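K.L.:
predicted structure and sequence below. I'll ask about it afterward.
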Amino acid sequence: MPVTRKVGVFVGSLRKDSFTRKVANAVAAVAPSSLQFEFIDIGLVGHYNQDLESSPPETWIGFRQKVRAVDALLFATPEYNRSVPGVLKNAIDVASRPYGKSAWNGKPGAVISVSPGALSAFGANHHLRQSLVFLNVPTMQQPEAYIGGADKLFDASGNLTNESTREFLRKFGEAFAAWIELILAPTA
């Protein structure tokens, strides 16, 4: 019987009807049942300021606890000015501190970038991967996930209508489940 793994989902767009959130929901819907997805809100995490570490804000404490409580990490990001949105970078910074006590450390991760444009948020995807390397988040390399033309993939209710994208996301979810097991498997 497969082990159920809890996956924290971090959506870099705060907009309620964002394409990024819709894609993250679609991944959760088609991924193997061994993955349990928990969307962790990054919108209320206060701005990182090292001066506050002696008495961290409750939003930091709660966010760090939520990150520590998951087995794996799925980052879904749009691209803002060829990089990740500030709110996502801030959340990453908050949970990486205090230095030496990163909540991200060692958790297997995956990145999916989303855009209505043809470049599919390629720049944001790779900027995010740079941060994850430093944070010791072993990030799935293949399949790479760049979802372009996102404004044409969903109906008015937010349901994915493109079958080839659904199939790609299913394979992405299967590969992610296998990646998680590879990273978390006990060593003999």
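P.N.:
Now that the structure is in, tell me what you want to look at.
K.L.:
so what touches stretch 174-182?
P.N.:
3, 5, 7, 31-32, 34-35, 71-72, 74, 108, 110, 138, 140, 142-143 (CB atoms under 8 Å, 6 or more residues apart in numbering). In short, each C-beta sits where N, CA and C put it, glycine included.
K.L.:
so how far is it off the chain centroid?
P.N.:
15 Å (CA atoms, centre = their mean, to the nearest Å).
K.L.:
can you give me the buried ones in it?
P.N.:
Within stretch 174-182, the residues scored as buried using 16 or more other CB atoms under 10 Å are 174-177, 179-180.
K.L.:
about what we covered before: out of the contacts of stretch 174-182, which is nearest to residue 132?
P.N.:
Comparing the contacts of stretch 174-182 against residue 132 with CB to CB places residue 138 closest, at 8.4 Å.
K.L.:
check contacts around residue 116.
P.N.:
Residues in contact with residue 116 (CB under 8 Å, 6+ apart) are 19, 148-152.
K.L.:
hang on, residue 79 packs against residue 121?
P.N.:
Yes. Using CB atoms under 8 Å, residue 79 is in contact with residue 121, at 3.6 Å.
K.L.:
which one's more surrounded, the two?
P.N.:
residue 121 (32 against 24; other CB atoms under 10 Å).
K.L.:
show me the strands in the protein, by range?
P.N.:
5-11, 35-39, 72-77, 109-114, 145-147 (DSSP state E).
K.L.:
just the contacts of stretch 174-182: which has the poorest pLDDT?
P.N.:
When the contacts of stretch 174-182 are sorted by pLDDT, the bottom entry is residue 3 at 89.
K.L.:
quick one: pLDDT of residue 188?
P.N.:
53.
K.L.:
from memory residue 70 sits against residue 104, does it?
P.N.:
No. Residue 70 is beyond contact range of residue 104, at 10.2 Å (criterion: CB under 8 Å).
K.L.:
count the residues that sit near residue 172.
P.N.:
So residue 172, with other CB under 10 Å, has 23 neighbours.
K.L.:
residues contacting it?
P.N.:
Contact analysis of residue 172 by CB under 8 Å, 6+ apart lists 27, 110, 112, 143, 145.
K.L.:
pick out the most distant pair among those.
P.N.:
27 and 143 (12.1 Å).
K.L.:
between these two, tell me which one has more neighbours.
P.N.:
residue 27 (26 against 14).
K.L.:
roughly how far does residue 95 sit from residue 73?
P.N.:
Note on residue 95: its distance to residue 73, by CB to CB, to the nearest Å, is 10 Å.
K.L.:
which neighbours do those two have in common?
P.N.:
By CB under 8 Å, 6+ apart, the residues touching both residue 95 and residue 73 are 67, 104.
K.L.:
between the two, which one's more packed in?
P.N.:
It is residue 95, of residue 95 and residue 73, that has more neighbours when counted by other CB under 10 Å, with 27 against 24.
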